[in-house]
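Visitor: quick one: sequence plus predicted model below, questions after.
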Amino acid sequence: MNSIKEQQNAYAERLLTALRNELTKQEITAVLVIGEDGRPGLDVTDSRFRARRIFAHLAFC
C-alpha cells in the first residue's frame, strides 16, 4: 500500500496537471516538474517572462 506522502504527491500531481491543461488553453506556458524534494510543481512563465514555480498545498484542499 502507498504511504500517505506518496498518495498526497500523486493527488498534487493530478491537480497541477489539470491546472497546466487550463493554462495551456489560455496559451500560457506551464511545465510539470518534480522538485529536488520530490514534490510536484508547475513552472509557469508570467507576463514579464519570469519563471514561477507553483505548488499544491493540500492542507487547503
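Guide: Here it is on my side, so go on.

Visitor: only C-alpha atoms for contact and neighbour calcs from this point on.
Guide: OK.

Visitor: and the strands in this protein, which stretches?
Guide: Along the chain, the segments classed as strands by DSSP state E run 30-34, 40-45, 51-54.

Visitor: buried residues, the longest one. List them.
Guide: Using 16 or more other CA atoms under 10 Å as the burial criterion, the residues of strand 40-45 that qualify are P40, G41, L42, D43, V44.

Visitor: list the strands paired with it, with their directions.
Guide: Applying DSSP bridges, strand 40-45 is found paired with strand 30-34 (antiparallel), strand 51-54 (antiparallel).

Visitor: S3 is nearest to which of those strands?
Guide: Ranking these by proximity to S3 (CA to CA) places strand 30-34 first, at 17.9 Å.

Visitor: sort out which residues of the closest one are buried, please.
Guide: For strand 30-34, by 16+ other CA under 10 Å, it's A30, V31, L32, V33.

Visitor: again with stretch 50-61
Guide: So, applying 16+ other CA under 10 Å, buried residues of stretch 50-61: F55, A56.

Visitor: what sits against A51?
Guide: With contact taken as CA atoms under 8 Å, 6 or more residues apart in numbering, A51 is in contact with D43, V44, T45.

Visitor: got any ranges where the protein has weak pLDDT?
Guide: 1, 60-61 (pLDDT under 70).

Visitor: L32 and N21 touch, don't they?
Guide: No. Taking CA atoms under 8 Å as the definition, L32 is not a contact partner of N21, at 10.4 Å.

Visitor: between these two, what contacts are shared?
Guide: Common neighbours of L32 and N21 (CA under 8 Å, 6+ apart) do not exist.

Visitor: could you count how many residues lie near G35?
Guide: Residues near G35, counting by other CA atoms under 10 Å, number 12.

Visitor: then the one 3 residues further on?
Guide: Other residues near G38 come to 10 when the count uses other CA under 10 Å.

Visitor: now do R20 against N2, distance only.
Guide: 25 Å (CA to CA, to the nearest Å).
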